[in-house]
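K.L.:
Got a sequence here, can you build the structure:
(one chain, ligands or ions: 1)
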Amino acid sequence: MTIASRDSNGNGQASAVPDSHSRTAPPAAAKPVKKAKRRSTSHLKAVPETLQEREALRDAARVYAENLDRSKPFTKSELEAHGRQLLSELGQPEKFLGFVMVLIGNFFWKRQFLALPFERRLLLLPHCLKHAEGCPADYDEFGLDCEKCGACSIADYKVRAEQLGYKVLVAEGSPIVLKIIVSGHVDGILGVACLNVLEKAIDKVLIAGVPSYAVPLHSGDCKNTKLDESWVWDCLDKYEPLPEPQTTGYVPLMRASNRMFEQQFDELVPQVRSTGGPEDFESPLAATEAISYDWLKHGGKRLRPFITLAAYDAVTGAEGLAAEMNDESFVQPLAVRRAAVAIEAFHKASLAHDDIEDDDLYRYGQETLHRRHGIGTAINVGDYLIGLGYRLVSRGTAELGGDVVADVLDSMAQAHLKLCDGQGAEMRWQEQGELDLKPIDALKIYALKTSPAFEAALFAGLRMGGPIDDYQEMIPAFCRHLGVGFQILNDLKDWQGDEDNKLVAGQDALSLRPTLLLALALESSDDAQKRELAEILEGEGDESFRLGRLRRIYDACGVFEKARALVEKSRVRAEALADEVHPDGLRQLLYFMVDTILAEEPAPPTIPTVVLDPLPILNPAGA
Ligand code: SF4
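P.N.:
The predicted structure is shown next:
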């Protein structure tokens with residue numbers, strides 16, 4: 001749920017707000033609602049002050065949602081447009097937009113959520129509900145370990161939910177929720193959160209097609225917060241089977257992608273020299289394969305292989321999109337899955353080499369490969385994974401045909417060359433150390449470094465699914481916008497730090513990487529600011545002091561706003577290309593990629609298997 005401001009005059013309705021007709025009978029192939037510019041959203045997240053007002057909006061949202069097309073999940077833009085439409089019909093102010101978007105999402109999904117067995121649900125509670133002064137609970141890796149002292153409502157919900165069979169977490173929702181869903185532990189979420197958290201987290205969950213119901217906190221104060229408790233009980237202990245078909249979504253395909261690296265890994269990537277035991281890492285003959293497989297198998301969101309599977313699915317009947325969430329019988333052809341694993345192998349190879357070149361310390365919450373095993377081994381593992389990736393594809397000739405395999409290999413090779421060109425350009429710029437970088441040059445590097453992996457993943461899925469002629473031009477253009485926008489978001493994220501990868505804010509900036517932010521600052525700064533920039537970037541000394549100076553210059557040059565505008569431009573251009581694509585399932589996938597890859601919050605961190613595995617024991621009744 002990323003929500004947009006209105007026009008500056010405050011009066012205009014978003015141009016593509018659906019009329020009541022399109023709401024009651026939206027055609028399956030209707031184009032997504034057109035996008036509005038996204039700016040600061042804090043003024044759109046008010047919660048009505050009285051219970052009567054909140055319930056009036058809730059009841060209106062229930063009626064509004066009754067006639068929504070449930071064949072597929074919302075895009076972000078569609079949900080926002082529905083929110084604006086409802087507020088317009090009610091004559092309510094824009095400030096309640098976030099609130100009504102949550103409510104409409106709730107009633108879109110409520111029946112499907114209530115049809116889930118209790119043991120397939122997750123109850124996600126915020127720790128800010130606790131009694132701030134007297135709570136005796138400590139935090140563990142799952143969040144707050146409530147001792148059920150009874151001083152706040154957390155204990156009431158937790159006890160009842162665990163009795164019913166729910167998994168329960170008292171934690172900040174955004175990083176972990178989708179990972180838990182994709183891992184297959186639960187199928188739906190009953191969540192309590194403030195609108196800030198819901199904006200960051202629930203949109204990913206909603207647009208992926210996860211049945212969810214969210215109860216908004218009355219404020220985002222993070223301390224002794226309040227909610228309408230009866231709204232939780234409306235769902236928590238209710239179960240209503242649903243005979244009608246469910247909304248399709250991407251969770252089955254995400255789970256299919258996950259299974260390739262878990263249950264199916266040995267089938268897809270058989271071991272040749274290693275046995276899978278810890279002794280492999282010490283054996284000279286087995287170690288390279290063992291370390292490479294371990295690196296390939298663990299860590300990351302597996303987004304790129306998902307894209308390959310989903311693209312193949314979109315042009316071959318959308319069986320995966322229509323699959324039941326827990327349908328493990330949905331399995332795509334061996335050669336398709338191996339090509340998807342190859343995409344991940346290339347990605348992991350590039351990360352191994354990239355981490356060496358940048359001397360990064362952490363990846364996926366652990367020490368980087370070269371710090372664990374040495375630079376020589378890490379280079380070798382990267383090379384091994386490249387070879388493995390090409391072999392995984394080439395071995396599919398009998399199943400896919402020589403022409404298809406040749407095209408896929410060619411696309412992968414092309415991606416590989418572009419990536420090396422981009423990485424080389426970045427390193428050369430750093431070596432030269434001259435503060436001469438134009439925004440267009442930074443964007444060119446981004447297009448080379450980041451876009452090819454998306455391009456290879458999308459191309460492979462579509463080409464294995466059939467002729468590619470209709471998509472030849474769209475694929476590189478779409479992926480260029482996607483990759484550039486994604487990389488700019490990473491630049492912005494650099495200023496927030498990244499707990500999972502143990503990054504400290506501003507590291508890219510201080511390490512003299514040719515980022516767009518730096519290029520924008522150089523473009524707008526006066527001579528004095530340029531001199532100061534050079535001093536900061538070339539200088540030694542206290543990092544936080546240098547970062548503070550750098551941020552002041554960036555702020556003065558309007559760098560962050562300009563970068564966000566460029567992300568927005570990338571998003572709009574990618575969506576414009578998606579609008580022209582057929583079949584509808586492929587267009588839906590492209591929109592989903594835009595919504596998830598260009599989401600403005602940090603990507604969910606990797607949750608190690610050791611953390612996910614014990615989840616069921618959070619619920620003794622369900623163990
Ligand atoms: S019920 Fe649980 S979360 Fe609430 S104050 Fe007591 S120990 Fe803390």
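K.L.:
So which residues of the stretch 301-450 of the chain form strands?
P.N.:
362-363, 366-367 (DSSP state E, counting those that start in this stretch).
K.L.:
Could I get the average pLDDT for the first one?
P.N.:
Regarding strand 362-363, the rounded mean pLDDT is 90.
K.L.:
The last one now?
P.N.:
Here the mean pLDDT over strand 366-367 is 90, rounded to a whole number.
K.L.:
quick one: strands adjacent to that strand?
P.N.:
Strands flanking strand 366-367 in the sheet, each with its direction: strand 362-363 (antiparallel) (DSSP bridges).
K.L.:
now the strands of the stretch 301-450 of the chain in JSON lines, with mean neighbour count?
P.N.:
The C-beta positions use only the backbone N, C-alpha and C, and glycine is treated the same way. Supplementary listing: the strands of the stretch 301-450 of the chain in JSON lines, determined by neighbours: other CB atoms under 10 Å:
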{"stretch": "strand 362-363", "mean neighbour count": "20"}
{"stretch": "strand 366-367", "mean neighbour count": "16"}
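K.L.:
Go through those and name the closest to L512.
P.N.:
With CB to CB as the measure, strand 362-363 is the member of those nearest L512 (20.0 Å).
K.L.:
Surely A477 and L577 touch.
P.N.:
Yes. Under the criterion of CB atoms under 8 Å, A477 makes contact with L577 at 5.8 Å.
K.L.:
Mind putting the strands of the stretch 301-450 of the chain into CSV with distance to the ligand?
P.N.:
Output for the strands of the stretch 301-450 of the chain, formatted as CSV (distance: least, CB to the nearest ligand atom, whole Å):
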stretch, distance to the ligand
strand 362-363, 31
strand 366-367, 31
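K.L.:
so which of these comes closest to L550?
P.N.:
Between L550 and the strands of the stretch 301-450 of the chain, the tightest spacing by CB to CB is seen for strand 362-363, at 22.3 Å.
K.L.:
quick one: low-confidence parts of the stretch 351-500 of the chain?
P.N.:
Screening the stretch 351-500 of the chain residue by residue with the criterion pLDDT under 70, one finds the ranges 497-500.
K.L.:
Dump the strands of the stretch 301-450 of the chain to JSON lines, plus distance to G209.
P.N.:
Supplementary listing: the strands of the stretch 301-450 of the chain in JSON lines, determined by distance: least, CB to CB, whole Å:
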{"stretch": "strand 362-363", "distance to G209": "30"}
{"stretch": "strand 366-367", "distance to G209": "31"}
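K.L.:
among those, which is nearest Y471?
P.N.:
Minimum separation from Y471 across the strands of the stretch 301-450 of the chain (CB to CB) falls at strand 362-363, 32.5 Å.
K.L.:
quick one: the closest one to chain centroid distance?
P.N.:
Relative to its parent chain, strand 362-363 has a centroid offset of 18 Å by CA atoms, centre = their mean, to the nearest Å.
K.L.:
How about the residues of the protein by the ligand?
P.N.:
By CB under 6 Å from any ligand atom, the part of the chain that sits against the ligand consists of 130-131, 135-137, 146-152, 154-155.
K.L.:
Give the buried subset of those as a ChimeraX selection command.
P.N.:
In ChimeraX, the members of the residues of the chain next to the ligand classed as buried (16 or more other CB atoms under 10 Å) are selected with the following command:
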select :130,135,137,146,151,152,154,155
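K.L.:
Confidence-wise, which of the residues of the chain next to the ligand comes last?
P.N.:
Of all the residues of the chain next to the ligand, H131 has the smallest pLDDT value, namely 78.
K.L.:
ok so that one is a strand residue?
P.N.:
No. Residue assignment for H131, taken from DSSP: H, G, I helix; E, B strand; the rest coil, gives coil, which places it outside any strand.
K.L.:
check contacts around the nearest residue in space to L116 that is not next to it in sequence.
P.N.:
Spatially, and ignoring its direct neighbours in sequence, L116 is nearest to G188 (4.5 Å; CB to CB, 6 or more residues apart in numbering). Shown here is G188, whose contacts under the criterion CB atoms under 8 Å, 6 or more residues apart in numbering are 109, 112-113, 116, 120-122, 210-213.
K.L.:
Is it possible to get JSON lines of these that adds neighbour count and distance to G396?
P.N.:
Written out in JSON lines, the entries for these read as follows (neighbours: other CB atoms under 10 Å; distance: CB to CB, whole Å):
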{"residue": "W109", "neighbour count": "26", "distance to G396": "38"}
{"residue": "Q112", "neighbour count": "22", "distance to G396": "37"}
{"residue": "F113", "neighbour count": "22", "distance to G396": "40"}
{"residue": "L116", "neighbour count": "21", "distance to G396": "37"}
{"residue": "R120", "neighbour count": "19", "distance to G396": "35"}
{"residue": "R121", "neighbour count": "27", "distance to G396": "39"}
{"residue": "L122", "neighbour count": "27", "distance to G396": "37"}
{"residue": "V210", "neighbour count": "28", "distance to G396": "32"}
{"residue": "P211", "neighbour count": "28", "distance to G396": "36"}
{"residue": "S212", "neighbour count": "28", "distance to G396": "37"}
{"residue": "Y213", "neighbour count": "25", "distance to G396": "42"}
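K.L.:
Tell me where the stretch 351-500 of the chain has helices.
P.N.:
If you assign secondary structure with DSSP state H, counting those that start in this stretch, the helices in the stretch 351-500 of the chain sit at 369-373, 375-394, 397-400, 402-432, 439-449, 451-465, 474-494.
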